[in-house]
Every structure is written in structure tokens, then in C-alpha cells.
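[1] structure, please.
(4 chains)
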Amino acid sequence: MQKLLIANRGEIAVRVIRAARDAGLATVAVYSDCDRPARHVRMADEAWPLGGNQPADSYLRIDRLIDIARRSGADAVHPGYGFLAENADFADACARAGLTFIGPSADAIRLMGSKTAARRAAEAAGVRSVPGTIDPIPADAPESEVLGVARDLGFPVMLKAVAGGGGKGMRLVESAADLPAALRAARSEALSAFGDAAVYLERRLVNPRHVEVQLLGDTHGTVVAFVERECSIQRRHQKVLEESPSPAVDARLRAALAEAACRIARSVGYTNAGTIEFLLDADGTFYFLEMNTRLQVEHPITEVVTGVDLVEWQFRLARGERLTIDPQAALTPGGHAIECRIYAEDPDQGFLPSPGRIHRLRPPCGPGVRDDGGYDAPGEVPVHYDSLISKLIAWGSDRGAAIARMRRALQEYDIAGVKTTIPFFTWLLARPEFLAGEVDTTYLDRVLAARNGEPFAGPCDGLADLAAIAAALHAHTQQTRAAAPPATAWLRAGRLDALR
Amino acid sequence: MQKLLIANRGEIAVRVIRAARDAGLATVAVYSDCDRPARHVRMADEAWPLGGNQPADSYLRIDRLIDIARRSGADAVHPGYGFLAENADFADACARAGLTFIGPSADAIRLMGSKTAARRAAEAAGVRSVPGTIDPIPADAPESEVLGVARDLGFPVMLKAVAGGGGKGMRLVESAADLPAALRAARSEALSAFGDAAVYLERRLVNPRHVEVQLLGDTHGTVVAFVERECSIQRRHQKVLEESPSPAVDARLRAALAEAACRIARSVGYTNAGTIEFLLDADGTFYFLEMNTRLQVEHPITEVVTGVDLVEWQFRLARGERLTIDPQAALTPGGHAIECRIYAEDPDQGFLPSPGRIHRLRPPCGPGVRDDGGYDAPGEVPVHYDSLISKLIAWGSDRGAAIARMRRALQEYDIAGVKTTIPFFTWLLARPEFLAGEVDTTYLDRVLAARNGEPFAGPCDGLADLAAIAAALHAHTQQTRAAAPPATAWLRAGRLDALR
Amino acid sequence: MRFTFEIGDRVRVVTLEPRGDTLAVTLDGTPVDIEAVPVGPGRWSLRLPASGRQHEVTVARVQDGQAFEVTVGDARIPVRRVTGRPGSRRGAAIDGPAVVRAPMPGKVVRVLVTAGDRVDAKQGVVVVEAMKMENELRAPRPGVVREVAVREGASVEAGTTLVIIE
Amino acid sequence: MRFTFEIGDRVRVVTLEPRGDTLAVTLDGTPVDIEAVPVGPGRWSLRLPASGRQHEVTVARVQDGQAFEVTVGDARIPVRRVTGRPGSRRGAAIDGPAVVRAPMPGKVVRVLVTAGDRVDAKQGVVVVEAMKMENELRAPRPGVVREVAVREGASVEAGTTLVIIE
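    Next comes the predicted model:
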């Protein structure tokens, strides 16, 4: 393995390029039309155009990716997450082209990609799934049949896409009356997102936590599980903040989660990086939810609390190396880590995406802070993709220290040009429930609904005075400049000098 | 302790402000005239002017610092390093004003500040010093007497200032003939730098390493020693790159160094953070060199390999808390860390300081990288102080991984406007002797002398072609812009569009 | 020079008058002792000499003309410049029609209001699907819907006028 | 448009000619297939379509007029623009006198050359103490010292001419 093609964009492409550089691999970036000036393109040794802008025309084009790998002489491919990361056909196409696919086998992707097959695999390995349907409910099954299954499970139920992921095609169904509409919507979403309208039903647990276990597996049968990640802070089934370890998991439960996760992975001969997601009930019972057969967005918090570079290990495992990580060390949290996903969204407009030009960007630095970003300034967040700007990770010797660091880091973060979720996180990190670690997957949607659109960072009165003065200075500078073209805003402002 | 005055500037002021914020302390910055727009001033909750620019007129003004502490209601003072950090009178003045001085007692500063008294203390604690004079050689001792002492020790000898530090007033004397001139120079430098012309002599060890031990001590008699730092990469007695652990130290030697360092610290009742510096001979014998009674520039590498926040502990120890760090854990390196000191200097002009305006600054981010910087863009590196822009710290699971990460991080570092030492570090990190860990305190000066001014990052031929094209594009853009004033360089460049 | 701003529901008047090398500042008629040092484009370090308090502020124009976003530390403060003729409605905001525009290219999924409806501030008016998500666009201030400029199902470009509120 | 540059000891000639929306580039007379995308002030992403090789380059003017520092990845490349009359000494550099200036305020500690001395490139000419360190300033190119403009012990400002080399 000498030259790596990164079949992705944004922060995860930057992350993988950094890891490749650390490992001495040459890097090949790919890009859609609008991404030509993007950060990941400028960081790579080579860059090749995919054409198009929409994912289907660009980052999802298996044919073009394989062609670029051939032309550039790449011998390995990292899919990142999203796009083709869980596409077994892409893994197969890489194998046929003689490329090392940095991930699990196509068979493992295929098996765990069917959510019902994955549930059966978990049950077979002796791990409870959330009670629900064993077999997929085909697209043509009549409503009455589905209603019968739902009644047997007991309302409320979750309706999910068999080929699903990322909250798409997912509906909470409170009662029998809601089922027909929800079924139609879920089937149509699933068909358009995954090309497969099959769905399944799960009993709705009462306010569960989302807890997941990162795994690495080698091709020699060894699987290692890491300290769990807590991902209960979700908005509309999308994770927005993750932490490790979970405030709800003690050493005993940690060992049980790890044991269950390893059992499932071993039973399907899983290799490379993957994550088993569980729902954790208030009484400490956990249920298999699904497996993600790829690197997760939130992988850095595991890296920070265990000192293991997961992407480096992805390379090594793909080369056939043996896992030499001490399983006990992997399960021992070294401090506490939190990740905030900094999106180009306006939290004061219902988290409306806020793509556009980034004029200024200065990530926080210093002790205990890691920023995995995909942009610099000037830069453009395109409308065509997920609007994640960066993942901000804070580490501390305990949870309180990590939270304090995260608040400091959020305060230091300077992004201008697009709205971001930073004010939302500043608010969230002061919530008593969050500080107490008493959250579940419904928490965030509930408190957001209760706020009813109140702005996250509005004016305090003293600050509004300063804001008025600053706006006046700015307007004054701009107006003065208009009369004297060659001076830049900066020089002109410099001439204004100090006020007293 | 509620409100902390930071009696310093630049990166260490930023570092301490971050730690204060993590600890929930309000922050008071101070500034000289030219530092009014500086980063540390803009990060603090309050900022107060010291006046002046020269250190003696600004950051060394004890009277003004105490007055600002009083006016701002600060109840604690952190001195950083340099300036007043090892000034016992400042520690006394703080105590008299009822301020908590974040550091050791004034007595400890005074005792260890006399290099000859410190050597006696080490000997009394049973730790070898570098063979040399026990008592200071007074300013009026005749040359002949000094010559006699030097002859007894055996040439070559090191001539050092009793009140010294940072390489000032230090001379290597190869033979008797060189002594008179060296003595005059050392005395004059020592007098002007420290107000004390007293010097002492040490035998010159043959190519020793510089290895130092970080300590923390509480006010209840507990002292903890940390994994050693290797600081042999020095230019003219100034550290430029440090790493931890030392490639020359095994667990046995580590324990012996720690034990010796703790013995000295306990014997003088040392509290708060401090560092014992040793010279390490090729045969593994180590000699006490001196003690630094403050936080060191290179403290982050210890933080990164042990997970201990030294500045946070400085706060806690100053409050009288008990040390609760496991001594065995503090001596167990978790991976390997390297620090490069990024100075505004031109390595291609003999490391000539390169103060001035920073137009663009983007520090590297991502896994295993920490940047402790003191500037942002636009920003100004003043001529009046040390020109350290930032300390770049890379961590890896082993030394090789840390070096690979550091090279990647240096490549990512983007600073425009001032020259920096980045090209020098890129060169150094590829040197076989450095890669093998086979360096001593004379190494860098020797290889730099051998290079004889050859540029560190000159043109390869292919890159020169690209440089010519880029320069042409730039000139073209500039010329075109000149005719159409309102467009900015960026917009104009945008219109130029792609070339094919 | 005199500047009138609307911040939240309050109006503030700032004057800046050159006095030697510096500017004299008043806020709502009261002289303010403040030190403002420019530290970058649209960026200032403001310091109150009496208390030592220091705030890094940034100012960015968010729409053509009259709206600014000011950040003070980590607070984001929307500021609207009011340019009424002095003497007419002194200090009061002049409320022209408010236009709800598409913030990015997308498809109109639902229109929630019709012309003549009375709407509250923050009330949803149109839902646009963009970037694979449904986004509810809200009224920037209370008023009456004068015009709904799009139909459900329409594709819109960034900046397309959707609804006008008076 | 035609540009002549001195890089190291070689001269390179670049032409840029508008062709539709793009520019046609030649280097030393040979057409170059290169894609240049501006990505910030003085910053370009250069890509060679044939090999896919991509280089982020920055260009900064280091002195008034003719000297640039170009970075290509982590290589720093000094580039000097040559603006001789075309046809006279085609492509050759025009070597005006080289001026060694004080890079910052300081004190002249030692003068190492006298007028008429022949100096090599990189040979030390003056030692200035500034920022608490002694800094040896070197000849930028070989030549003969025409003038030594300072005495030992003199205080100098940034930009003060110290030595002129022809």
C-alpha cells in the first residue's frame, strides 16, 4: 500500500489525508465541480475531477472512482463515512480492480447493511435486539398485516427502513391511527434514499440512551472493543454531540457491552473498523440496534480517550497486520472526551442549513482541544452536501474538565460568513440535565420544542450597548473608506486609532 | 482564588488564560504600548496598560503590576516564564499585597536562583553536580585566581553567571589563553543581564545530553516527578526542540533521575511547579545542572505524555490543595511527544529575528497535534520581546509516530508575513542523527556550522517552474487590478478563472 | 456622525465626532469612555478604561444596507441600522416590508400562509426542502402577509422572494 | 503578457495570454497544461491535469517591486522579477546595486567589510545587535562593496542602509 485514494470530501477526507501522511502514503483526492478549491483537494498530493455536483453525479460514481484509481496508480481506497462507505458494490468493485478497500469485506457490509439480517445475526450471537420484526416487511405487504405486527409489539413502535441508516425512512408511530400515513411516508423515503422500500418494526423503548461500541478486527480472528461512546444527544435522530465514556456506564456494564459487541463481530467474521450501536434502557438492559460497517463521524473521542489512532489501524488491518492493542487498555478510559459537530446551520432558524462563503475561520487550539475540520478561510460550504464544518473535540481528566474545556474552545472558535451551531452548543453545555449526564435520545428534541425558537445567543443589555458602538464604528469606517478607494478596510481602520 | 492577573504576554499568557478559563477563573491581562492589540489582551476578560515597550518599562514593572492587581481586584498572579517568573522580589511583593503568587516560595526562588547555592543544595541532597567551583567567583577576583581554578578543573571549562539562565553570560573556554577575554565578556554580560557580575566554573563534559525532570510539589511535603524531557537540540545554548521521553533514558535511569530530582526539591521544601536540569554523560552518569523555579516553555510535552495539566495543578497547589497524582503514572510515558518552537526568525539568515506583521496564520490541527500560539492574523510580532510565535507539539504512540506527525503538522502550518523556523525544523526532522536519537547539546551548532548558510528550503527545479507560473499569475492579477480599483484581490482572482 | 440602531426591541443612538486623533462617542446622548482598537477587518478590541473590561467584537453586514451581525465575545447580536429623516420619528425604526427569501436552492414543500394573514414574529411561513432536509422559514417580524410569491412544488434559487410581509 | 523571473541562478520566461475564459500559459516558450484556481488572496491551487499533481502555492511580494516569495507546498522559493527592455539582454537579470539594510532597530556591533572589498554571496558584512541577539547580516549576492554607510556603535532604524554592494 503506497498511494491512497480518498473517496470522500470535507473533514473526513482531511482526516484521512492527515493519517495517510502520518503513515507515509501518497494521497489522491477526488472532487466534484464545486469542490475544486476545497481544502481536501489542496491538501492532497494529487487531485482528480469526478465532475458533477450532486452526490449521484460525483462522490457516488463508482465507475469514475475506479477509473481515477487506475489512472493515478492508487493501490488503496478509503471511503470515509457516508457516500459509498457502506456500499458493498463499491467494495466489490475495488477488489475487482485490485485495490485494497480500507474497510470490512463486501460480505460483511452486505450482511450488516440489512438491518433485519443484522438483528438476526445479533440474536444468533446471543445478544438481545430491540423487540421487533425478525423479517423485513416487503413493500407490497398490506397495511392491515403491518398493523397486526405493530399491535403484537405494542404501541408506540418505531418504523424503520431495512436498508436504512442516519434516521432516513424512520418514523415514530404513537398509535394504530398514525400507522397508515407513517408507513406510506417511511416506504417512500426508504425507496428514494436506499432504493428499497422494505421496512421493519421495533418496539419503542422508554427514553433509552444511545450507547455504541467501537470495534477493530484483524484478518486473523482477533476483535478488540473500545470504551463506549454515548450519543444520546440527537436532534431528529441525528447525533450532534457525543462523549466517551458514557456517564451511564460503569466498568461492569462496559465489559458486558464490549463482550456483546465482540461476540456479534466475531460471529460474522468482521474485519477492520466498525461500530455496534445499542439502546440502553433506564434499568441498564441493553439492546442491539444496528452495526455501522465503517469509520464513524464521532471516532475521534475514542482516539482521544484511548490514545489509539483508528484510521492508522484501518490502514494496518487492511494490509493484513495483526491487532496488537491490549484489550484491557482499550476498555480503560483515559479521561473523558466530548465532540461537538460544528455545522453551517442557523440554530436560531430551526437549524436551517447556512451554506456559503466562510470569510474568517480560526479554530481553537491549546491543551486538550482537537479540531478536525474540513474548511479554511476563504472557503465555501456548498449546498450539495452535508454542512459539517468541523468536529471540535475536548479532552479532560474527567467529565467536568472536558465540559469546561469544550466551553472555552467554543468561546475561542471564530467563524464568520456562515451561521454555525456554536451558539447552540454553548447553550446546551450549560443545561443542568446535560451537566448531570441525565439525557436520553428524546432529550434534545423535547427541550428544543419547549424553547419554541427563543434565540440561543441574544443580546444582554450591556453587550447591546457595545454592539451599537461597534456597529457605528464599522459604519463610520465603511463610509469614510468609500471616499478614498485605495485604502483597505484594515488600513483605514488603523488610521481611526484609539477612542477615549 | 477568583481572578487571575497574568503578568506576561505572548503564547504563555494565552496558555495561562486558557487554563484559567478551564478552571473558572476570571482573567486580567496586562500589556505594553505595542501589545494593545495583541492576542492575549483580546482573550482576557480585562486588560490593563503597563505603559512602555521595553521589558524594563513594561512587563518588568513590579510596581505597576501590583497596582493593576489592586485596581482590578485580582487575587492571584501567574508570572508565566521569563520576565518576573524567577524574581523573588516580585513573589515577595505579591505576598505583601495579599496576592497568591502562582509559583514556589520567594525563598525557594532566591535559593535556587543562585546557581552556586543550588549546586550546594544538590550536593547536600546527595546529587552529583557537574564538577566545578563551589562558591561564586566575585566580580573583583583577579584573572590569575580564576585561571588557577580553571586549571584545577581541567580545560575546556564552562564559564557561567551565578545569577544566570537562558545561556546569558555563558562561555565555553577551550584553553587558558581564551580565559581572560571570555571572563571579561561573561562578567559584562552577567552584569547587564542580571545586575550581578559573579561567575562560576564548571568542567566541560564531553558531548553531554540535556535531560530535565519536571516536578510538582504541594505545601504538605509531597513532591511528584514526571517523565524526563530531552532538550539536547540547542542553538547557542537555547533549546529549540524538546521531546519526552528521552531516547537515551530507560526505565531504570528514569527512576534514578526522578529520585534525584525529588530529593533536591524535598531538601529545599520546594512547592508548585519546577524543573531540575541535568547533564547526562555518554556512560549514563547524570549531573545536576540547575533548577528552574517556574513553568518551562516546554511543559506541554510532559502534559501530552502524562495527561496532567501542569498549569491547572499550579493553580491547585497555590490554593494549598494536596497532590493526588499517582507518582508511578507520572513516570510512565503514554506515547511520545515532540515540541518545535516556531520563532519569527529567518533560518536562512543565521536565524535573524524577523519581527513584523503576520498576514496569514493557520496552525495545523487534527489528531495528535497541539498548537500553543500567541498570535493570530492580522497580528504583529514586536521587536521588543522574544519572537516565539507558537509551540507546536506532536504526539504519537512512539517516537517514530510523533516525528511523522510533526512533519505533517509543519507542512500544514501556514504563516505569511514573517519568516519562521518552520523550514529549519522540516530539515532537522529528516536528519539521520535526529531520527536515530543520537544527539547531544553540541549537535545542532556543529551541523549548522557545517552547512555554512545553505538555505533550508530552496528551489527544486520542478517546483521552480511552478513558482515562476504562480508569480506570473500574481503579477498579472495585481496589474489588472490596478486598473479597476473597487475589486479586491480575491474577487479579481476569482474572475481570472481556471487555466488549462 | 449620528447612527441609529435597532437592537432587539430597543433603539440606540450613537454619535461619533472627531476630536483630535480620536473620536468622541456618545450613546443615547451620554458620553462614553471607551477605547476601540481595530485589530483586523471588521474586528475591534473594545476596552472600558474605568473597569478594564475588554471585549473582542466583530461586525459583519448580513444584508445589503442596513443589517449587521455583531459578535461580542460569544454573544451574537443582530443590529439593524435605522436611516429615518432626523426629526420625523426620532429614533424609531422605519419598518419597510420584510421579505422572506430562499436561503439556498431548493424546492417549496409547503406554503403555510396566504395573502392577508396576520403573522407573528418567528411564525413559519414556507417550508423549503434543501440539502436533503425540510427547513421551515419564519417571519422576521410580526405583520400582514402582502404577497405569497411562490407555489408549493416550485423550485427556487437562493435569494428568490417567497413571501412579503408588511 | 510576458514575465521574466530569476529563480536561483536560472531565468524563466512565462507568458499569459487570454484565450476565451482562460489564459494560455507558456514557460520558456513551451505551452504548459496547467489549471490554476485562486483560493484566497495571493494563494492558488495549481494542478497538472496530465498527472493529477496538485500544489497549493502562495505568492507574496517581499520588497517593493520586484522580489516575491513563492511557497509551493513547504518549499519557499525566492523569485525576482526582471524588467529589462525586451531585446536588450533577453532573459538576463539586470543586477542593480544590492543594498544590505537593517531588518529591525538595533545597534551596529561590528562592520566586517570596507569599501572596495570583494564579497561572496552569504558572506557576513555587518553585525547588528537587536532583540538581545547579535545578528550577522550577509551579502545577498557576490560583488564589490561600494559603500559602508554606518559606523560601529551606531544605532540604526529598520530599513537603514548599511552596506551597498555592486
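[2] now for the residue nearest to the spatial centre of chain A: which residues touch it?
    Nearest to the mean C-alpha position of chain A, counting by C-alpha atoms, centre = their mean, stands A:Val297 at 3.2 Å. With contacts defined as C-beta atoms under 8 Å, 6 or more residues apart in numbering or on different chains, A:Val297 is in contact with A:12, A:81, A:239, A:341, A:388, A:391. Bear in mind the C-beta positions are built from the backbone N, C-alpha and C, glycine included.
[3] what subset of those is buried?
    A:12, A:81, A:239, A:341, A:388, A:391 (16 or more other C-beta atoms under 10 Å in any protein chain shown).
[4] from those residues, which land in helices?
    A:Ile12 (DSSP state H).
[5] show me the two of the buried ones among the contacts of A:Val297 that sit farthest apart.
    Farthest-apart pair in the buried ones among the contacts of A:Val297 is A:Ile12 and A:Lys239; separation 14.7 Å (C-beta to C-beta).
[6] separation between the residue in chain C that chain B sits nearest to and B:Ile102?
    Of the residues in chain C, the one nearest chain B is C:Gly52, at a distance of 3.7 Å by C-beta to the nearest C-beta. From C:Gly52 over to B:Ile102 the distance is 20 Å, taken as C-beta to C-beta, to the nearest Å.
[7] so between the two, which is more surrounded?
    Between C:Gly52 and B:Ile102, B:Ile102 has the larger neighbour count (other C-beta atoms under 10 Å in any protein chain shown), namely 31 against 21.
[8] residues in contact with the more buried one?
    B:Ile102 neighbours (C-beta under 8 Å, 6+ apart): B:4, B:76-79, B:272, B:314-315, B:318.
[9] the residues you listed in helices, which ones?
    Checking those against DSSP H, those in helices are B:314-315, B:318.
[10] what is the nearest of these to B:Ile469?
    B:Gln314 (52.2 Å).
[11] what residues does the one residue sitting closest to the centre of chain C make contact with?
    Residue closest to the mean C-alpha point of chain C, counted by C-alpha atoms, centre = their mean, is C:Ala67 at 3.8 Å. C:Ala67 makes contact with C:61, C:78-81, according to C-beta under 8 Å, 6+ apart.
[12] C:Pro142 too?
    Taking C-beta under 8 Å, 6+ apart, we find C:Pro142 in contact with C:118-121.
[13] roughly how far does it sit from chain D?
    Applying C-beta to the nearest C-beta, to the nearest Å, the value for C:Pro142 to chain D is 42 Å.
[14] any chance of TSV for the contacts of B:Ile102, columns neighbour count?
    TSV is the format used below for the contacts of B:Ile102 (neighbours: other C-beta atoms under 10 Å in any protein chain shown):
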residue	neighbour count
B:Leu4	30
B:Ala76	22
B:Val77	27
B:His78	29
B:Pro79	27
B:Asn272	25
B:Gln314	21
B:Phe315	23
B:Ala318	23
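[15] and those residues, which two are the farthest apart?
    Checking those with C-beta to C-beta, the most distant pair is B:Leu4 and B:Asn272, at 14.4 Å.
[16] what parts of the stretch 201-350 of chain A come near chain B?
    Within the stretch 201-350 of chain A, the residues that sit near chain B (C-beta under 8 Å from any C-beta of the partner chain) are A:300, A:303, A:307-309, A:311-312, A:334-335.
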